[in-house]
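1. Here's my sequence, what's the structure:
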Amino acid sequence: MAEKEEASSDTHEQSRRAEGDRRSEPSTNDETLDITELRKSLSGLDASGKELYPGFEKVFWDWHAQTHKKPEVKRQETATIPSRAWWVENPEILPPTDPSYLCIVCKHINFRYLLNSPPQQLKELVPLSSLEKIIQKKECAFCRLIVHTIKIAFREDKLPFEIDGKPVFCELRVLPMETNITGPRQLCVYLNLLPKAKSIEASTDLLIYRIVNEHSKNGEMTNENPISLSRMNLSTIKHWYLTCLDGRCGGAPFASPRVNLPNGFRLIDVQRMCIVGGDNNSRYLALSYVWGNSKTLLNTKDIRADLETEAGLLKKLEELPKTIKDTMNLVKELREQYLWVDSLCIIQDDPEDKANQIKAMDFIYSSAILTIAATSGDSADAGLLGGQTNLRTFTQLVEKVQGLSLTNRPTTFDKQVDQSPWNTRAWTFQERILSSRVLFVADQRCFFTCRHRPDAFMESLDDVESGLTGNPSPSVLSDYSRNLIPSSRAVNVLSYSRTVEAYTSRQLTFASDILDAFEGVAARFRPLFRSDLIFGIPRSELDSQILWQPYGPMTRRRDPHTGLPIFPSWSWAGWVGKVRCIIRENLSRIEWIGNDGKKFTSKDCQYPKGANRDPVKRVLYRCAWKGALEKGVPYYWEVKNPDQYFLHPTALEDERTIGPDLRKGTDHIVFQAEATDVFQIGWGHYLTMAIYFHKCTPENHTVCPLPLRDPDGFIAGYVLVPGDVSTKMNAEVHYEIIMISRTMVFSQADRGEGNPDLLVDNEATTLEKTHFPDAPDINTSTSGYGFDEQRFDSKKPWCLYNIMLIETREDVAYRLGVGTMHIDAWAQAKPEKKTIVLG
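-> Residues are numbered from 1 along each chain as shown. Next up, the predicted model:
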């Protein structure tokens, strides 16, 4: 009788909540300020372009933000009644003493159907009961599993039964398995009345899935004792990397890399407990971890001899941080002998040794048979969870439900690795992407990736997930780092752009480490560009890559002691913050000036010596290359080397002139470019661009798109300036705009006729003032073109110049921001050629 009353109550509550979900939210009709009246009361600029009302930009911006919000795309909800294909009308009745007994709610759910359901089922929520009732149903196998799952995710014994006086209800959502998106499903327990942010975050941790392995088939897993995953599964870990070394995961069998490891290369001998010399034939593991604020034993000149004596590390054991000690023990348990750790294998107070080892980071990590990544914790004292002395607390409860072995799922690869403190550090970026094989030691389990496959294995009760029975199905559980720097068949500048964008989003303890922590990655890019990198930018593409854009809040990188800027303003290394590199096709319009005073173009440094100045040699050289487009970006490859793609045809270094160079003794680059100061910089925002693309507001400056008005007051272009810089700019300082290259609007597919390299700008520009009344209005256009389309022709091919905003101090110019301007506006400004010394 009690069950019937409960079922009736639950059904009534489900209906009430479903009805509530179908009700539409009340609409609002806020009064808005009429644009005509606003412009009538605030005329903005006089005939000379001077602001009549200095506050006009801000007032208009506030109005625009309210009346031209970007429309939100709402998720389409089905208006039909749920199919309830999961409903079981006449379920099997088990006694409450049966371990597989299900309550009156759960027994009507077809779990076998849900775990193998069609895609349509992913949209439908399966209602359960209130959390308070579920906890009381101790006889129900599935309710017990829900309670266990929730308690582990929230790490608290007392769970919230009410929020703001309302009961917390549980529902089931069917999700695809991230290890096999088209295969069996998993169940997500959704607590629908938790505060929104916490609900979304926690629900992804409340996962239940079916496990298939020999233990479950033999009935050895029971609900009497939750399965403890306190220790790493050493046999599984060894199976992972030995399988890869043997060539059974798609790659060739492991052989000694025979690379030129640096002079003074050292290793930790974990058997003899001392530092020893290594060579190109050494078989070793490497550690990637977060130093944090813990006190770490460093190998220095004073104690080097002691550490190189047998058992020398044993005497310093108390000074070793926990992560390093745990890793040494793990290497022993794997029956390996050698380990590389930066703090002990580099002489930390020897600048020459430190520089040699840092330059070889790509070889050091790629040559290791396995890199152990300590992703849990934010310091070197966090230890390796699952090791001998640092046990994991996570447990899995296996329940038999309708003949299926169901259990709570450990947290996903994305949360355990990609969202870990370890993955936010700049130094660990190169360690991750350069390693051939990585064992990620996370809070709840270990994951394994190798460069031969895009997905990841994981410690699991399921033999398929753990990679112990055959190959797993095609996976979306991918390690993004595998594809950042492909060795072939990828356009060099696209790979570079993705890598720099990911790298600059990470943090450093010491600001000056920004290039050292990138050195291993830079070494990978050198053959892809056939060029070295200067301050992180490929020398052969310097004119296009100094146009990187800020991708969020950004400040100048400074020495913490002196407060002075470090690294040049034209390099992303000179700034703290995420950047986005230019990948659009652009035609350089600057001439470099060498230390000997001679002028040359970028093509003079990309083509074989003399070929760019000789029409016959130039044509013959270009005949040796073929080209294509990828996402609007042109790329080229040599007929004799079809697997390496370049943004521009680039000869081997020994066949061409190497340049441009830095001015001797400085970090300055010198070039000749057109420059002007006639455009009025808007101190507010370029309205639509600020709203739609950069989320920059007067109250929260991120990246400020500043409009550039021509002498008639029309917006001719814009510059993107970091909020930290734009808020300090003022009209008393002399700013200039310099033109770097010519490009197209990003939506323009027409590249014109013939070779764009032969375009003559004077033939494309007009000095007459034009008008296009049918084009979108500047105040409402969402094109993102960056100029007034009713004043300047947006249909003209190659109608933009890439520009840079500079401030000159003591004859040295410094970059403040970059943007674009219409070529007609630039020509009408009558710019002059100047020599720019950019620092």
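
2. could you say which helix or strand contains residue 525?
-> helix 519-529 (DSSP states H and E).

3. which stretches of the stretch 201-350 of the chain have low pLDDT?
-> Along the stretch 201-350 of the chain, the parts satisfying pLDDT under 70 run over 201-205, 212-225, 250-252, 254-259.

4. Strands of that one, start to end?
-> 207-210, 227-228, 266-269, 274-277, 285-288, 338-340 (DSSP state E, counting those that start in this stretch).

5. Who does the second one pair with, and is each partner parallel or antiparallel?
-> The one in question is strand 227-228. Applying DSSP bridges, strand 227-228 is found paired with strand 395-396 (antiparallel).

6. The first one now?
-> According to DSSP bridges, strand 207-210 has the following sheet partners: strand 180-191 (antiparallel), strand 404-408 (antiparallel).

7. Out of those strands, which one sits most buried?
-> Stretch with highest mean neighbour count among the strands paired with strand 207-210: strand 404-408 (a mean of 22; mean count of other C-beta atoms under 10 Å). Backbone N, C-alpha and C define where each C-beta goes, glycine included.

8. And the strands of the stretch 201-350 of the chain: which comes nearest residue 302?
-> Between residue 302 and the strands of the stretch 201-350 of the chain, the tightest spacing by C-beta to C-beta is seen for strand 274-277, at 13.9 Å.

9. distance between that closest one and the chain's centre?
-> 37 Å (C-alpha atoms, centre = their mean, to the nearest Å).

10. quick revisit: any chance of JSON lines for the strands of the stretch 201-350 of the chain, columns mean neighbour count and distance to residue 428?
-> Output for the strands of the stretch 201-350 of the chain, formatted as JSON lines (neighbours: other C-beta atoms under 10 Å; distance: least, C-beta to C-beta, whole Å):
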{"stretch": "strand 207-210", "mean neighbour count": "22", "distance to residue 428": "27"}
{"stretch": "strand 227-228", "mean neighbour count": "14", "distance to residue 428": "29"}
{"stretch": "strand 266-269", "mean neighbour count": "23", "distance to residue 428": "19"}
{"stretch": "strand 274-277", "mean neighbour count": "17", "distance to residue 428": "23"}
{"stretch": "strand 285-288", "mean neighbour count": "26", "distance to residue 428": "5"}
{"stretch": "strand 338-340", "mean neighbour count": "22", "distance to residue 428": "15"}
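
11. Ok, which of these comes nearest residue 537?
-> It's strand 285-288; of these, that one is closest to residue 537 (C-beta to C-beta) at 26.0 Å.

12. picking that back up, would you tell me which of the strands paired with strand 207-210 gets closest to residue 289?
-> Once the strands paired with strand 207-210 are compared by C-beta to C-beta, strand 404-408 is nearest, at 28.5 Å.

13. State the phi and psi torsions of the residue positioned nearest the centre of the chain.
-> Nearest to the mean C-alpha position of the chain, by C-alpha atoms, centre = their mean, lies residue 502 at 4.3 Å. Dihedral angles of residue 502 (phi, psi; degrees, to the nearest 10) stand at phi -70, psi -40.

14. That one touches residue 429, doesn't it?
-> Yes - using C-beta atoms under 8 Å, residue 502 is in contact with residue 429, at 7.0 Å.

15. What count of nearby residues applies to the closest residue in space to residue 332 that isn't next to it in sequence?
-> Take residue 332 and drop its neighbours on the chain: the residue closest to it by C-beta to C-beta, 6 or more residues apart in numbering is residue 270, 5.3 Å away. Per other C-beta atoms under 10 Å, the neighbour tally for residue 270 reads 22.

16. how about residue 270, phi and psi?
-> Residue 270 adopts backbone torsions of phi -70, psi -10, taken as degrees, to the nearest 10.

17. OK, contacts around it?
-> Contacts of residue 270 were listed using C-beta atoms under 8 Å, 6 or more residues apart in numbering, and they are 328, 331-332, 336-339.

18. Could you rerun that using 10 Å?
-> 284-285, 313, 327-334, 336-339 (C-beta atoms under 10 Å, 6 or more residues apart in numbering).

19. What subset of those is buried?
-> 284-285, 313, 327-331, 334, 336-339 (16 or more other C-beta atoms under 10 Å).
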